[in-house]
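Participant: Make a model of this:
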Amino acid sequence: MELIHPAANTYIDKYSNATPSYLREMYEQTLKLHPHAHLQSDWHQGGVLSFLSKLVKPTHILEIGTFNGFSSLCLAEGLQQNGLLHTIELREGDAEKATNYFEKSPYANRIKIHVGDAKNIIPTLDTKWDLVFIDADKTSYVEYYNLVLPNLNKDGLIIIDNVLFHGEVLQEKITGKNANAIQAFNEYVLNDGRTEQTLLAIRDGITLLRKK
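Facilitator: Predicted coordinates for the structure are as follows:
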């Protein structure tokens, strides 16, 4: 389901320039060759991640769901010189591809990739986060949120992807497992007094959460 008119998306891309230009080849190659290319953040969304990271100026970033590393490298744009980005990917093949991209990037020494189940890895990372990006299995969003929130610095930012889930959450009766999980997550954070949030109609929906 197209939530934004294609002409509007084209116009938005034309008048936005926050996405790191050196990532264009990587982005296009993934669209052309990866069988699950739809999992990659789109070009404009990458710019939004980069822009927000530059505003936050994080020292410690956590990303749950690496895929090919495009979003990781966009988030790294705001990383401070002494900072580190931890990113977690379940699939070894995607983690390997992302690692290759990281090694060729300006952030080779400031990104650490973890391979495995994020629910097991997050508790082992003894770090206070300035910025967190969650874009992984939708049925675990509430659990990821509760795992990272205690270690999120005050005024820290959590970015959640796919909160409109292809428009399925707009249906009168939600039937899909993932869409129901996203709807439950949206309701959960709305009623959680530990954070405040705003939902943005960017691509498939992005929620920004600030820790009070």
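Participant: Show me the helices in the chain, by range?
Facilitator: 6-14, 24-33, 43-56, 70-75, 92-103, 118-121, 141-148, 177-190 (DSSP state H).
Participant: What about the spatially closest residue to Y188 that is not a sequence neighbour, how many residues nearby?
Facilitator: Nearest residue to Y188, sequence neighbours excluded (Cβ to Cβ, 6 or more residues apart in numbering): V142, at 5.3 Å. Backbone N, C-alpha and C define where each C-beta goes, glycine included. Using other Cβ atoms under 10 Å, V142 is surrounded by 16 other residues.
Participant: Quick check: the gap between V142 and E25.
Facilitator: V142 sits at a distance of 37 Å from E25 (criterion: Cβ to Cβ, to the nearest Å).
Participant: which sections of this structure are below the confidence cut-off?
Facilitator: 1 (pLDDT under 70).
Participant: Now do the contacts for the nearest residue in space to T66 that is not next to it in sequence.
Facilitator: The shortest distance from T66 to any residue other than its chain neighbours is 3.6 Å, reached at E89 (Cβ to Cβ, 6+ apart). By Cβ atoms under 8 Å, 6 or more residues apart in numbering, the residues touching E89 are G65, T66, F67, A95, A98, I113, H114, V115.
Participant: Name the nearest of the residues you listed relative to T195.
Facilitator: G65 (19.8 Å; Cβ to Cβ).
Participant: So what's the residue count around T66?
Facilitator: T66: 28 surrounding residues under other Cβ under 10 Å.
Participant: Backbone dihedrals for it, both of them.
Facilitator: The phi and psi torsions at T66 (degrees, to the nearest 10) take the values phi -80, psi -40.
Participant: is it true that it touches E96?
Facilitator: No: between T66 and E96 there is no contact under Cβ atoms under 8 Å: 10.6 Å.
Participant: Quick check: beta-bridge partners of the residue nearest the centre of the chain?
Facilitator: In the chain, the residue lying closest to the centroid (Cα atoms, centre = their mean) is F133, at 3.9 Å. Beta bridges link F133 to E63, I159, judged by DSSP bridges.
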